[in-house]
Every structure is written in structure tokens, then in C-alpha cells.
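Visitor: build me a model:
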Amino acid sequence: MKFALRARALPLGADIGPEYVSLVYAERGRGSVAVRDCVTRTVPAAADTELDLAIAQTLRTAVAALLSRERRCVLAAPASEIVHRTFRLPPGMRRREAERAAALEADTLAPWPASERVVALDPIAGRDGEMLLSIARSSAVLRLASIASAGGLRPVAVDLPACAWRRAVPETDAVLEYARERAQLVIFADPVGTTHAFPPRVSDERLATLVRSALIEARREGIADVRRLSVLGPAERTESLAASLHADGYAVVPVTCGTDVTAPWAFAYGLALWSAGAGGA
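Guide: Prediction:
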């Protein structure tokens, strides 16, 4: 797997969740990036009060197994704890003025008080006069960073989930990630797209209905006209979705990274390529 990249070095991509943790180690070659190693470990069942400790301990075993001494990493803030939108800069506005204006706009966009926000402005490639405004809940970011540090990593950036998925599977229009505790649909669009969270424990028929409704809404609102949907989840659920959505003209396929189909480390792979695109919050 090779991708054009300008950055000199890549931090690890670290997907940290309640069910499993995944790490991807990639190196920059001559004008390209190659994945050197990837590790996934399942988090053992734990009470809510002990979950963060169980995740950190699992992460530490994954770090020890990785064929790299790199400890810098890129994390992703939970999709439910992020708000983002395009921020338009008036002609002549300086960076510091833009940051103050973004902080004021965050007051109208984010449901959390100012003391609970992390606000970031990032350039959008090819779109002068526009930036990506990202607002994350600080407690969620700090929790992830704390788990990463306890697991032996050094967080250096926080990415938007939609951006990481787009880098991981650029050949598709949307990604559905379905796990025991997490079910979300990311619909790609410029500059970021939309993310929909679904209940993780629903029937195949109900899941297909939720996905179909979100895809129709995206087309109706002019966000994206999805034709190809990639799914990261159990093979039988992918087949069931494919059968349900085929009549509507959607092509449903497993998430594929290189030659690896339904790779559990696919999201971490997108995070590992953070240096190749705009950063997150």
C-alpha cells in the first residue's frame, strides 16, 4: 500500500475503543508511504468504572507487539463529541482574528460551555478563503489522550473520524462501521461530510432502513449522491445489507485496505495517514 505524501515522518495511527484497539505503523519512502506493521487487540470485558484501565492495559500489549519504537500517535475524537462546519474568512482577515471569530461562532454551534471546548481551524486544500472549523468536547479528548498515555503512547494530534475514514478508503462514497458497541455511518463530501450514529444492536432489516434513510437524506440535501457503501463489520451483516440495498442501486462491499478485507485496523490506517491531509480538532 503506497500513497503520495509530503511529510517526513508519520506518527502511529491509534484507534482506541471499548471493544478493541488497533495500531498502524507506516513509514515514508521515496515519495510514498508504506504500512510496516499493524496490531489489533481485543479489550476484555470490564465494568464501566474499570473500562479505561482495561483499554489502557490492552493498548500497552499492542504497543509492545508493534514492530516500531515510534510512540507518537494520532487519535480520533468520538464522532458524537464533535461539531464541524466550513468557516469562511472575509478578505484580509488575519489568522488571530479568524481564531477569535471561530471561537464566537462555536458559541452558536457547540452544545458544551466554552470551558468544555477544543476549537481548531484548519485549511481546506484547494479552497482559498475557507477553513474547516472543528469543535470537540475537551473532556472526551482528554480521556482518550489519558488512555493513550497510560498505554505508552504520546498523542500529538486529534483527527476527525470522517477525515480518517476518507483517507483509509478513498475509493468509496460512504463507510458503515458496525461493532458490538459502535455503529456509525460516514458519508463523504467536501470538505468533511456527515456522520450518523445508529444503535449498535438492531436487526439487519432495521439497520438497512436506517442506512437507507440517511443516504436518501444526504442526496436530498445535496450533501452527496452515494453509490458505493463500504462496510466494516461481520460478513453476514454486510451480505444482508447488500441484499437489502441492491434494489435501490447501492453497491455494498467490505472495507478493503490493500489486500486485507474487513481489516479491523482500517480506521487506524486512516489516522496513520493524518500527515497526508488536513488535521482535525
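Visitor: going forward, measure contacts and count neighbours with C-alpha atoms only.
Guide: Will do.
Visitor: give me the neighbour count for residue 181.
Guide: Here the number of neighbours of residue 181 (other Cα atoms under 10 Å) works out to 11.
Visitor: cool, and residue 62?
Guide: Tallying neighbours of residue 62 according to other Cα under 10 Å, which is how burial is gauged here, yields 20.
Visitor: and it, what pLDDT?
Guide: At residue 62, the pLDDT value in this model is 98.
Visitor: give me the contact list for the helix or strand where it lies.
Guide: Using DSSP states H and E, residue 62 sits in helix 51-65. By Cα atoms under 8 Å, 6 or more residues apart in numbering, the residues outside helix 51-65 that reach it are 16-18, 20-23, 39-46, 147-148, 150-153.
Visitor: could you do stretch 14-22 as well?
Guide: When contacts are defined by Cα under 8 Å, 6+ apart, stretch 14-22 is touched by residues 13, 23-24, 38-44, 51, 55, 58-59, 62, 73-76, 144, 148, 180-181, 264-265, 267-268, 271-272.
Visitor: tell me the pLDDT of residue 80.
Guide: Per the predicted model, pLDDT is 87 at residue 80.
Visitor: show me what contacts it?
Guide: Contacts here follow Cα under 8 Å, 6+ apart; on that basis residue 80 touches residue 197.
Visitor: and the helices in the stretch 51-200 of the chain, which stretches?
Guide: Per DSSP state H, counting those that start in this stretch, the stretch 51-200 of the chain has helices spanning 51-65, 95-109, 138-150, 161-168. These are given in chain order.
Visitor: out of these, which is closest to residue 260?
Guide: Distances from residue 260 to each of the helices of the stretch 51-200 of the chain were compared using Cα to Cα; the minimum, 12.3 Å, belongs to helix 161-168.
Visitor: who does that closest one touch, helix- and strand-wise?
Guide: Using 3 or more Cα pairs under 8 Å, 6 or more residues apart in numbering; DSSP states H and E as the contact criterion, the neighbours of helix 161-168 among helices and strands are strand 183-188, strand 193-197, helix 266-272.
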